[in-house]
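Visitor: Sequence and predicted model, in that order:
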Amino acid sequence: MTLYYRPIVHTDATRPAGALTLAGGWCWFSHVEVLSRAGAQGLMPATDLPAEVQARLTAPRAPLAGVAFDRPSIMGILNVTPDSFSDGGRFNAPEAALAQAQALAGAGADMLDIGGESTRPGAAEVPVEEEISRTAPVIAALRAQGYAAPISIDTRKAPVAAAAVQAGAGLVNDVSAMLFDPAMAATVAASDAALCLMHAQGTPATMQADPHYDNVLLDVYDHLAARLAVAEAAGIARTRVMLDPGIGFGKTLAHNLALLRGLSLFHTLGCPILLGVSRKRFIGTIGGAEAAEARMPGTLAVTLAGLGQGVQMHRVHDVAEIVQGVRLYNAITKGGAQ
């Protein structure tokens with residue numbers, strides 16, 4: 001029987017003897033919940049964990065693309081598309097994109113995530129050359145202007161990733177976890193870029209048709225473990241990889257909530273975790289906010305819940321507001337202004 005170990009995470013300043021620091025970050029744990037396909041197996045002291053599992057749960061995460069993970073990090077979203085669900089068309093003109101990039105950095109974004117293809121539910125695929133023309137010139141222009149902050153390219157396509165890395169991107173954020181384009185693994189391996197692997201069931205065009213899982217938390221975990229193994233086999237070291245459970249990508253509201261409650265399980269894979277919940281529909285459904293732009297408060301609430309489970313990076317539209325919330329969270333949990 002395969003066992004899974006979910007750390008029960010705390011942030012309190014008072015911690016018991018023998019408690020372990022989670023991923024070299026701001027959380028600690030003294031017990032884990034043992035899970036299996038047959039059901040929960042109860043709690044286990046963290047000190048009784050198998051050595052390899054304990055090592056992966058406690059090892060500090062290596063920086064990726066210039067971002068350190070000993071504190072929460074913010075990835076600012078810059079969609080240079082006409083049809084993204086929240087801000088489509090606002091920043092697809094080069095001048096507007098450059099201005100927004102500078103604004104996000106000034107608001108406190110640790111990294112920019114630039115995307116030229118919408119992955120909203122029902123979105124159609126964008127041709128490779130068009131996606132390159134939307135993204136690579138913006139990245140190159142930012143670097144030419146002296147923009148030094150880390151940049152991620154949000155793409156499923158190896159040629160788009162290659163053009164973006166050449167222009168100055170340091171991380172490839174692939175929502176298909178390298179399943180859409182078989183060349184993605186070799187492309188990333190041949191570069192010095194980091195990689196984010198996300199779980200999605202289906203493609204953006206079909207993913208919300210009828211998502212189904214046997215056990216959504218364990219199914220997503222196993223999928224990411226398998227894709228991480230593929231990346232390592234291609235020559236991409238685990239220390240170059242970040243993982244994203246893919247909230248909203250082929251998931252119902254109930255699936256999303258189950259993943260959010262169990263987020264700490266993914267630390268067992270030994271990589272930083274990216275959480276992308278910004279303005280998503282389930283936030284509007286629960287929070288009573290029909291317009292995507294009205295979902296910032298709900299986004300902040302879910303972000304803070306993720307921080308409480310040690311999630312290292314948060315992909316958001318409303319950078320200034322989320323940065324403010326994270327600063328208050330840090331001040332309360334760590335003591336004093338941060």
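Guide: Nice, thanks for sending it over. Numbers count the residues shown, from 1 in each chain.
Visitor: Need phi/psi at the closest residue to Glu232 other than its chain neighbours.
Guide: Nearest residue to Glu232 in three dimensions, chain neighbours excluded: Arg238, at 6.0 Å (C-beta to C-beta, 6 or more residues apart in numbering). In short, each C-beta sits where N, CA and C put it, glycine included. When read as degrees, to the nearest 10, the backbone of Arg238 gives phi -60, psi -30.
Visitor: Looks like Arg238 contacts Val230 (just checking).
Guide: No - contact criterion C-beta atoms under 8 Å: Arg238 and Val230 do not qualify, at 11.9 Å.
Visitor: Please list all residues in contact with the nearest residue to Thr58 once chain neighbours are set aside.
Guide: Distance criterion C-beta to C-beta, 6+ apart; nearest residue to Thr58, sequence neighbours excluded, is Leu20 at 5.1 Å. Applying C-beta atoms under 8 Å, 6 or more residues apart in numbering to Leu20 gives the contacts Trp28, Phe29, Ser30, Ala46, Thr47, Gln54, Leu57, Thr58.
Visitor: What separation is there between the first one and Asp222?
Guide: If I follow you right, that is Trp28. Distance from Trp28 to Asp222, counting by C-beta to C-beta, to the nearest Å: 27 Å.
Visitor: do the same with the second one
Guide: Phe29 sits 22 Å away from Asp222, going by C-beta to C-beta.
Visitor: Compare the two and say which one has the larger neighbour count.
Guide: Under the criterion of other C-beta atoms under 10 Å, the comparison of Phe29 against Asp222 puts Phe29 first, with 22 against 15.
Visitor: Mind listing the residues bridging to the residue nearest to Thr58?
Guide: Under DSSP bridges, the beta-bridge partners of Leu20 are Phe29.
Visitor: residue boundaries of the helices in the stretch 151-300 of the chain?
Guide: Taking DSSP state H, counting those that start in this stretch, the helices of the stretch 151-300 of the chain run over residues 158-167, 184-189, 216-233, 253-261, 281-287, 296-307.
Visitor: how about those in CSV, adding mean pLDDT and distance to Tyr329?
Guide: Output for the helices of the stretch 151-300 of the chain, formatted as CSV (pLDDT from 0 to 100; distance: least, C-beta to C-beta, whole Å):
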stretch, mean pLDDT, distance to Tyr329
helix 158-167, 98, 32
helix 184-189, 98, 32
helix 216-233, 98, 24
helix 253-261, 98, 16
helix 281-287, 97, 18
helix 296-307, 98, 6
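Visitor: hmm, back to that, buried subset of the contacts of Leu20?
Guide: Listed as buried from these are Trp28, Phe29, Ser30, Ala46, Gln54, Leu57, Thr58; burial here means 16 or more other C-beta atoms under 10 Å.
Visitor: ok, so of the residues you listed, who is nearest Ala97?
Guide: Using C-beta to C-beta, the shortest approach to Ala97 within these belongs to Leu57, at 39.1 Å.
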